[in-house]
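Trainee: Let me see the structure of the following:
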Amino acid sequence: MANWILKRKKADITAMARALDLSPVFCQILINRDINTKRKYKELMSRSLNSLEDIKTMRGVPSAFQIVQNAILNSEKIVVYGDYDVDGVMSTAILVKGLSAVGAYVGYYIPARMEEGYGLNMDAVDKIAESGCDLLILCDNGIASYEEIEHAKSKGMKVIIIDHHEPPIIDEAQIVPPADAIINPKQANCKYSFKHLCAAGLCYLFIKGFYKNYGIDFPLDKELLIMGAIATFCDIVDLTGDNRVIAYLGLEALNDGDIPNEGLKALIAQKNYKKKLIDEFTIGFIIGPCINASGRLEHASLSVELMLSADFGKCTEYAQILSELNEERKGLTTGSCEVILDKLKTSDEGKDKVIVVYDEELHESIAGIVAGRIKENLHRPAIMITKTEAGAKGSGRSIEGYNMFEALSECKDLFTRFGGHPMAAGFSLPVENIDELRRRLNENCILTDDDFVEVIKVDSIMNLDDVTFKIYEELRTIRPFGKANREPILGTLSAQVLDIRMIDEKKTIIFIFKTESGRKIRGVAFGKNDYFQDMIRASFDEYDSDKIFTGMLTNLELRLDILYYITINEYNGDVSLQLNLRDFRLPMVRSEDK
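Mentor: The predicted model follows:
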């Protein structure tokens, strides 16, 4: 059971609500985020590309501008080397579109996930050199490819790196490859203050800055902004600062009725979202996974071609293939997760501080997804390792308070390849090193039992009658939500349940709650059927439990403490407020009840 913690920073809520003409609940949410003055509120509401830092202050950018300009003027061949996830696909498409539009001779190369793995490799360098490449631009990779870039330089190629991953640390010093220009705000001595851009965000700002630097009109701005925004959501970077601006304006552009990219239009139509609002959920759980699917089960060049093609017929074909691949991926993921989680819940391995699972049969393309599901269910850092022709490959996902990149860095002698972030990492290693990795990670881990209990930070406790369209619209003004700008969690204590419908095949529970004024409001919980049944059976006898599960509450009062997000439910033209339940519990006995 999660711990609920109410965030309650002090301020004069009444005065703030009056001054800004906002609801007290929303003012409390703002104050919890340190938005406690008119000036700060105005800054929060200011979402303009003009508010972004000048990209030329980022280390490496002026040099890269000159290198690219010379390559264009001298008709040199440019190859963009990307990655097979959404960030890598969008980075590649942004650079190829942006550079080809100003006359560059440019192609791209995406490594095959299964055969080549993440990042630059020696065979790829040789192939690219043989194709006559003069300038190699690495995007969403490269910062850890020292030997490979050295090899590329020996082949006579100039190299630019546009990456956002952590630079390797050796003997407490950053070691970066010998590229001609490195664009990464996390590198030492970079003056660009915002450090959390994804690779596609960097590529978008680089191309935008390049056009501006040379006085070129930028008709691609909207299209490339949208690509950068999609990657910003899907790569789960902090939605603050520059990222929030890119994500917000990208969503606005996606919803203005004129998407300037045939591939995106085809994919949105394929997923039946042509006339629906596209939001964070749509990108993160509908559009993004389809773009990712080709890199997981086929080859990511299909997704790149979807972004680059102007032929709507071809795009429609590509979109259908991607959608089908994603459905196949979902089937693989669901089956694997259920088997692995069932095993972990009944084994000592599932009690480790850092869970390391080796499964020879698991498709390596879904290792990261499965690691994420394990982390979510057991609230522990999780690493899934699969067998490959060259040994084994692992993908990890972490919890708050555990820097997985640093933890794995302490074991770098066990890996043949390694890279990542504090919350996620990937690596390759010999199979015989897996047990040693598990041992070291758990011996070095200083997390305590308290760290493995999920903590839910609640923004405000309110009456259900205060759930109104006004508060819903206010909450929308601080979107988009995501990492570091999470959606506000609201709570109501002792909410009366009028009706329950359990849909076990979809692992969904639909509640109807009654407010104090008698109004009805719908609540939906996903994936909590087992949790709800266990909770009820522990507090009610079998007869009453069965009545609750079948919604027969006429003579049985059921109340729940609930945590939720406020959303909208649209059905047959009717629009109503809905609570998406984050958590729930039976009301605790409080001192005033005794």
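Trainee: ok, for the residue nearest the centre of the chain, nearest residue in space, not its chain neighbours?
Mentor: In the chain, the residue lying closest to the centroid (Cα atoms, centre = their mean) is Ile236, at 2.7 Å. Nearest residue to Ile236 in three dimensions, chain neighbours excluded: Lys483, at 5.2 Å (Cβ to Cβ, 6 or more residues apart in numbering). Yep, even glycine has a C-beta here, placed from its N, CA and C like the rest.
Trainee: quick revisit: can you pull the contacts of the residue nearest to the centre of the chain?
Mentor: Taking Cβ atoms under 8 Å, 6 or more residues apart in numbering, we find Ile236 in contact with Met423, Ala424, Gly482, Lys483.
Trainee: Return the member of those residues nearest to Asn74.
Mentor: Using Cβ to Cβ, Ala424 comes nearest to Asn74 of those, at 39.5 Å.
Trainee: ok, the closest one - contacts?
Mentor: By Cβ under 8 Å, 6+ apart, Ala424 lies in contact with Ile236, Gly368, Ser395, Gly396, Arg397, Ser398, Met404.
Trainee: Check Leu556 too.
Mentor: By Cβ under 8 Å, 6+ apart, Leu556 lies in contact with Asp544, Lys547, Ile548.
Trainee: Tell me which helix or strand it sits in.
Mentor: Leu556 is part of no helix or strand when elements are defined by DSSP states H and E.
Trainee: Repeat that for Val79.
Mentor: Here Val79 sits within strand 77-81, counting by DSSP H and E.
Trainee: got it, and Glu570?
Mentor: Using DSSP H and E, Glu570 falls in strand 558-571.
Trainee: Mind giving me the packing neighbours of the helix or strand just after that strand?
Mentor: Sequence-wise, the next helix or strand downstream of strand 558-571 (DSSP H and E) is strand 574-585. Helices and strands touching strand 574-585, by 3 or more Cβ pairs under 8 Å, 6 or more residues apart in numbering; DSSP states H and E, are strand 508-514, strand 520-526, strand 558-571.
Trainee: The longest one relative to strand 574-585, how many degrees between them?
Mentor: Interaxial angle of strand 558-571 relative to strand 574-585 (axes from the mean of the first three to the mean of the last three Cα atoms, to 10 degrees): 150 degrees.
Trainee: Using CSV, write down the CA coordinates of strand 558-571.
Mentor: Output in CSV follows, covering the C-alpha atoms of strand 558-571 (Å, rounded to 0.1, in the frame of the first residue of the first chain):
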residue,chain,number,x,y,z
LEU,A,558,-19.4,1.9,1.0
ARG,A,559,-17.1,4.8,1.4
LEU,A,560,-13.6,5.3,0.0
ASP,A,561,-10.7,7.7,0.4
ILE,A,562,-9.7,8.4,-3.2
LEU,A,563,-6.9,10.1,-5.0
TYR,A,564,-7.5,11.2,-8.6
TYR,A,565,-6.9,13.3,-11.6
ILE,A,566,-9.8,15.3,-13.1
THR,A,567,-10.5,14.4,-16.7
ILE,A,568,-13.3,14.7,-19.2
ASN,A,569,-15.5,11.9,-20.5
GLU,A,570,-17.1,12.3,-23.9
TYR,A,571,-19.8,9.9,-25.0
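Trainee: I'd like the mean pLDDT over that strand, please.
Mentor: Strand 558-571 carries an average pLDDT of 94.
Trainee: How about the first one?
Mentor: Per-residue pLDDT over strand 508-514 has a mean of 97.
Trainee: List the buried residues for it?
Mentor: By neighbour count on 16 or more other Cβ atoms under 10 Å, the buried set for strand 508-514 is Ile509, Phe511, Ile512, Phe513.
Trainee: Check which helices and strands it sits against.
Mentor: Secondary-structure packing of strand 508-514 (3+ Cβ pairs under 8 Å, 6+ apart): strand 490-503, strand 520-526, helix 529-537, strand 574-585.
Trainee: in its sheet, what does it sit against?
Mentor: Sheet partners assigned to strand 508-514 using DSSP bridges are listed as strand 490-503 (antiparallel), strand 520-526 (antiparallel).
Trainee: Any idea which of those gets closest to Glu376?
Mentor: Short answer: strand 520-526, nearest of the strands paired with strand 508-514 by Cβ to Cβ, at 12.1 Å.
Trainee: coming back round to it: which elements pack onto the strand holding Glu570?
Mentor: Using 3+ Cβ pairs under 8 Å, 6+ apart, strand 558-571 sits against helix 469-476, strand 490-503, strand 520-526, strand 574-585.
Trainee: what about the helices in the stretch 51-200 of the chain?
Mentor: Per DSSP state H, counting those that start in this stretch, the stretch 51-200 of the chain has helices spanning 61-73, 86-100, 113-116, 122-130, 146-154, 199-213. These are given in chain order.
Trainee: Next: the stretch 301-450 of the chain.
Mentor: Going by DSSP H, counting those that start in this stretch, the stretch 301-450 of the chain shows helices at 301-308, 312-345, 367-378, 404-409, 434-444.
Trainee: Make CSV from the helices and strands packed on strand 508-514 and add mean pLDDT and mean neighbour count to it.
Mentor: Converted to CSV, these look like this (pLDDT from 0 to 100; neighbours: other Cβ atoms under 10 Å):
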stretch, mean pLDDT, mean neighbour count
strand 490-503, 96, 18
strand 520-526, 97, 17
helix 529-537, 95, 15
strand 574-585, 95, 16
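Trainee: got the ones you listed as JSON lines, with distance to His164 columns?
Mentor: Output for the helices and strands packed on strand 508-514, formatted as JSON lines (distance: least, Cβ to Cβ, whole Å):
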{"stretch": "strand 490-503", "distance to His164": "33"}
{"stretch": "strand 520-526", "distance to His164": "31"}
{"stretch": "helix 529-537", "distance to His164": "37"}
{"stretch": "strand 574-585", "distance to His164": "30"}
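Trainee: Looking at these, spot the one closest to Asp85.
Mentor: Here strand 520-526 is closest among those (Cβ to Cβ), at 25.0 Å.
Trainee: tell me the angle that closest one makes with helix 529-537.
Mentor: For strand 520-526 against helix 529-537, the angle by the same axes, to 10 degrees is 120 degrees.
Trainee: any idea how far strand 520-526 is from the chain center?
Mentor: Taking Cα atoms, centre = their mean, to the nearest Å, one finds strand 520-526 lying 25 Å from the centre of the chain it belongs to.
Trainee: follow-up on the earlier one: arrange the contacts of Ile236 in a markdown table, one row each, with pLDDT and distance to Ile110 as further columns.
Mentor: Compiled in a markdown table, those are given as follows (pLDDT from 0 to 100; distance: Cβ to Cβ, whole Å):
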| residue | pLDDT | distance to Ile110 |
| --- | --- | --- |
| Met423 | 87 | 24 |
| Ala424 | 88 | 20 |
| Gly482 | 92 | 26 |
| Lys483 | 89 | 26 |
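Trainee: Show the buried residues in those residues.
Mentor: Met423, Ala424, Gly482.
Trainee: would a markdown table of these with distance to Gly284 be doable?
Mentor: Compiled in a markdown table, the buried ones among the contacts of Ile236 are given as follows (distance: Cβ to Cβ, whole Å):
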| residue | distance to Gly284 |
| --- | --- |
| Met423 | 15 |
| Ala424 | 15 |
| Gly482 | 8 |
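Trainee: per-residue confidence at the closest residue in space to Lys271 that isn't next to it in sequence?
Mentor: Counting by Cβ to Cβ, 6+ apart, Lys271 lies nearest to Ile286, which is 5.2 Å off, once chain neighbours are set aside. On pLDDT, Ile286 comes in at 95.
Trainee: where's Ile286 relative to Leu135, distance?
Mentor: The gap separating Ile286 from Leu135 is 36 Å, by Cβ to Cβ, to the nearest Å.
Trainee: What of Phe405?
Mentor: As judged by Cβ to Cβ, Phe405 and Leu135 stand 30 Å apart.
Trainee: more crowded one of the two?
Mentor: Neighbour comparison, Phe405 and Leu135: the larger count goes to Leu135, with 25 against 19 (by other Cβ atoms under 10 Å).
Trainee: who are the neighbours in contact with that one?
Mentor: Counted by Cβ under 8 Å, 6+ apart, Leu135 has contacts Ile67, Val68, Ala71, Glu76, Lys77, Ile78, Val79, Met157, Lys158, Val159, Ile160.
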